[in-house]
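Trainee: just to be clear, the model below is a prediction. Sequence and coordinates:
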Amino acid sequence: MAYLSHTRQNCGPVRARRHSLLDILALYRQRRALARLDTEALDDLGITREEADAEARRPFWDFPTK
């Protein structure tokens with residue numbers, strides 16, 4: 001059995017990942033759901049109301065970086 005090695009050569013600048021419409025819609029829905037959580041649920045997640053509101057206000061094209 002042969003195994004292929006996937007290596008990435010440094011050939012210049014890395015292109016930004018393009019997100020599909022489904023990715024954008026999912027992120028939008030997640031941020032709206034985050035905005036609707038109560039304080040107890042936010043405490044369970046370990047974030048404050050201010051952090052949740054700041055994340056919910058981000059525009060749909062502002063994807064988190066990895």
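Mentor: Nice, thanks for sending it over.
Trainee: where does the chain have low pLDDT?
Mentor: The model of the chain has pLDDT under 70 over residues 1-17, 66.
Trainee: and the helices in it?
Mentor: In the chain, the helices defined using DSSP state H lie at 21-36, 39-45, 49-57.
Trainee: contacts for stretch 21-38, please.
Mentor: Here stretch 21-38 makes contact (C-beta atoms under 8 Å, 6 or more residues apart in numbering) with 45, 52-53, 55-56, 58, 60-61, 63. The C-beta positions use only the backbone N, C-alpha and C, and glycine is treated the same way.
Trainee: give the buried residues for that stretch.
Mentor: Within stretch 21-38, the residues that count as buried by 16 or more other C-beta atoms under 10 Å are 27, 31, 34, 37.
Trainee: and stretch 52-63, by the same measure?
Mentor: Per 16+ other C-beta under 10 Å, stretch 52-63 contains these buried residues: Ala52.
Trainee: mind saving the C-alpha coords of it as PDB?
Mentor: Extracted C-alpha coordinates of stretch 52-63, given in PDB (Å, rounded to 0.1, in the frame of the first residue of the first chain):
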ATOM      1  CA  ALA A  52     -21.400  37.800  23.500                       C
ATOM      2  CA  ASP A  53     -22.800  41.100  22.300                       C
ATOM      3  CA  ALA A  54     -19.500  42.100  20.700                       C
ATOM      4  CA  GLU A  55     -19.400  38.800  18.800                       C
ATOM      5  CA  ALA A  56     -23.100  39.100  17.800                       C
ATOM      6  CA  ARG A  57     -22.500  42.600  16.400                       C
ATOM      7  CA  ARG A  58     -19.700  41.500  14.100                       C
ATOM      8  CA  PRO A  59     -20.600  41.600  10.400                       C
ATOM      9  CA  PHE A  60     -21.300  38.300   8.600                       C
ATOM     10  CA  TRP A  61     -18.200  38.600   6.400                       C
ATOM     11  CA  ASP A  62     -15.900  38.900   9.500                       C
ATOM     12  CA  PHE A  63     -14.900  35.300   9.900                       C
END
